[in-house]
Structures are given as C-alpha cells and as structure tokens.
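> Mind looking at a prediction? Sequence and model below.
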Amino acid sequence: MKQKLYLALVSVVVILTACAAPTQSAQNNESYTVNLTSADFVSAVDNQYFPLSPGMKWVYEATLEDDSKERNEVEVLQDTKVVMGVTAVVVHDVVYDAQGEMVEVTYDWYAQDKDGNVWYLGEAVDNYENGAIADHQGSWEWGVDGALPGVIMWADPSAHLNEEYYQEFYAGEAEDKGQVQSVAESVSIPFGSFDKVVKTYDFSTADPDLKENKFYAPGIGIIQENDLTTGEKVLLLEFTTGG
C-alpha cells in the first residue's frame, strides 16, 4: 500500500546514515546513499509505531474510487530473510478484491537499528490477474541493482517533523518518501479510537499521481490510510497481537 507522487521541487541530495536524520541540499541531480552494516541492527522490531512480533496480524478494508472493496491481510511470519547480512523480519501481505480473488501477494522485509529506527529492506511481489501471476512489478531488494533501504518509521517521530526521507529506493521503480506531519493526532475508526497517533504524508519521486496520508497508532502500527488523489480509504478492521 505504498503510494507515489511527483514532487515539484528542486532536486535534493539526501544522505541517510545509520541512526541519524537525513541531510538535504539543492543539487541538479538527486543522489541517495546509505551507510549501514549488519552491526547497526538488532534482532527484534519493537518500535511502538511499527511493531513486528511474529504472529501479529492486521486485517484492513479498502474502499476504492468506484466504491468497491478490497481486503488486505497482513501477518508477521516466523521466517526471516537475510538482506545484505542483516536478518530481517518477514511480513506477508495479501490483497483480495471484492470477489475474494487475490490481487497481490507481497513478502516485505524490515529490520530495526540500534536506535530504534525501522528500515525497509525490500519486498518480493506477485501481482495477479484472473487468478494467475501476471508480473512481479514493485519487487526490489537492498543491494540488488543499486536498490537501497529507507526508514519506514523513526524511533522518535517527533524529532523528524516535516523532514522528507526515503522509505525505499530503487531508481525509477520504488522511490517512496515520507514526511512526519504530526505525532498528536486523535483518530476514530470502527476498530477503535486512538490518541498520540503519528500522521505521515507519503509520496514518491517516481510517480506523478499518487500521494497519501498514513496514521500509526502506538502498539499497533497503521490504522488508516487516505489516498489524497482518488479519495480511496483503508481502515483497520482487526488486529491480533503476536506471541
């Protein structure tokens, strides 16, 4: 559910270093580098706004532009994936259309650094049409074909208000960026009411059309997504804690 938007601003240089905020300066060309090794990471992902314990499950319902529904089931697996020497948590994400047919199956890979920032290391994507795999568009992996990880959630989002940062980077394919807009939202959805919710603005340098807000509740993670172009909305229906 990562969304994308063309950013009509001057290009910037963004250099992310482990456990540090991005720095930016105007340039004619955009470059992005990451200085991380396996020694910078810990085994668990326990960030309060992006917790990933094995067995955790989320069920979402998306209301699309034509008012049809999709169902999104997300689960943290017991499996791990080694990416550039880092042992990552594997998250299984399946999207079903209104008829119950699979639309997309994704395995996402995340790891947390020593300061508590959660990094997105890649994903393996199967896109379906008429019950069969159509392509793997959207797949990428840190270290493969120049792809680099990005921060999916800061240890302290309040320290990064209004900063732009990469959430993933695979040139021309996956260039999602985020910006923390608030850490004090109150959000009510059918699943429940939440305070101290982090609100992000998510966009991309690779796609001119897509942009969204995401809302993260403490101890749960994403509870709502709003597509700012189409009006589509994703709401959390069910959440199961991990074991």
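Ah, there it is. Numbering: from 1, shown residues only.
> from here on, contacts and neighbour counts on C-alpha atoms
Will do.
> Tell me the helix or strand right after the helix or strand of the chain with the lowest mean pLDDT.
Of all helical and strand segments in the chain, the minimum by mean pLDDT, DSSP states H and E falls on strand 23-26, at a mean of 30. Counting by DSSP states H and E, the element after strand 23-26 in chain order, helix or strand, is strand 32-35.
> partners of that following strand in the sheet?
Sheet pairing for strand 32-35, assigned by DSSP bridges, gives strand 12-17 (parallel).
> so where's the protein shaky on pLDDT?
1-30 (pLDDT under 70).
> which residues in it form helices?
For the chain, no helices are identified by DSSP state H.
> Point to the residue nearest the middle of it.
Ile152 (5.3 Å; CA atoms, centre = their mean).
> Please name the spatially closest residue to Asp108 (chain neighbours excluded).
Spatial nearest neighbour of Asp108, excluding adjacent residues (CA to CA, 6 or more residues apart in numbering): Glu123 at 4.3 Å.
> Is it correct that the residue nearest to the centre of the chain is in contact with Gly116?
No - with contact defined as CA atoms under 8 Å, Ile152 does not count as touching Gly116 (11.2 Å).
> wait, doesn't the residue nearest to Asp108 sit right on Trp109?
Yes - using CA under 8 Å, Glu123 makes contact with Trp109 at a distance of 6.0 Å.
> one step back: can you report how many residues lie near the residue nearest to Asp108?
For Glu123, the neighbour count with other CA atoms under 10 Å is 20.
> Tell me what it is bridged to.
Residues in beta-bridge contact with Glu123 (DSSP bridges): Asp108, Trp140.
> ok, now the one 4 residues further on?
Here Asn127 sits in beta bridges with Glu104, Asp135, going by DSSP bridges.
> What's the local residue count around it?
18.
> can you check the one 3 residues further on too?
Asn130 has 9 neighbouring residues, counting by other CA under 10 Å.
> residues in contact with it?
Asn130 sits next to Glu101 when contact means CA atoms under 8 Å, 6 or more residues apart in numbering.
> All further residue positions should be reported with the first residue as 840.
Sure thing, new numbering starts at 840, so read that last one as Asn969.
> what about it, distance to Glu912?
Relative to Glu912, Asn969 is positioned 19 Å away (CA to CA, to the nearest Å).
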